[in-house]
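Colleague: here are the coordinates; sequence isn't available:
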């Protein structure tokens, strides 16, 4: 995920059942910073309902544009968050309005939308699913199943 202004994040998810969860290793995919010819409007903001958008170049597998906003709660403190930028199709497949909790941080998305990034042939709306924004350091986005 690339939100512009040097803010990028990579995630990986592994599924397991029972004893297999003790030995399952989750590795973060390598960064691919090679521009792919697509672009999105991107920005991020905390404690704000909107952010200052700018056009950003997508890279690697980032073929879709994400627009997500909602409230993140950490340690009892709520914070409005806005995230827009280039993401992979797999992130879009998990994006939808909703709430959940991960590692003691809860999030509730009120806006959750994906579209195919400009510069791609045959642009069409992206798929929908569930995405949880969580704050770790500046920003950590976690997928919620």
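Modeller: Perfect, thanks for sending it. Quick caveat, the model's predicted, so the values are computed rather than measured. Numbers count the residues shown, from 1 in each chain.
Colleague: only C-alpha atoms from now on, for both contacts and neighbour counts.
Modeller: Fine.
Colleague: average model confidence for stretch 114-131?
Modeller: For stretch 114-131, the mean pLDDT works out to 55.
Colleague: stretch 94-110 now?
Modeller: Mean predicted confidence for stretch 94-110 is 73.
Colleague: endpoints of it, how far apart?
Modeller: Using Cα to Cα, to the nearest Å, one end of stretch 94-110 lies 15 Å from the other.
Colleague: residue 82 in helix, strand or coil?
Modeller: strand (DSSP: H, G, I helix; E, B strand; the rest coil).
Colleague: and if you look at the one 5 residues further on?
Modeller: The three-state assignment at residue 87 reads strand, by three-state DSSP.
Colleague: surely it meets residue 2?
Modeller: Yes - using Cα atoms under 8 Å, residue 87 is in contact with residue 2, at 6.4 Å.
Colleague: which residues are common contacts for the two?
Modeller: Here residue 87 and residue 2 share the contacting residues residue 58, scored by Cα atoms under 8 Å, 6 or more residues apart in numbering.
Colleague: show me the helices in the chain, by range?
Modeller: Ranges of helices in the chain, per DSSP state H, are 20-23, 89-92.
Colleague: contact partners of the first one?
Modeller: In this structure, residues lying in contact with helix 20-23 by Cα under 8 Å, 6+ apart are residue 15.
Colleague: so how far is it from its chain's centroid?
Modeller: Helix 20-23 sits 26 Å away from the centroid of its parent chain (Cα atoms, centre = their mean, to the nearest Å).
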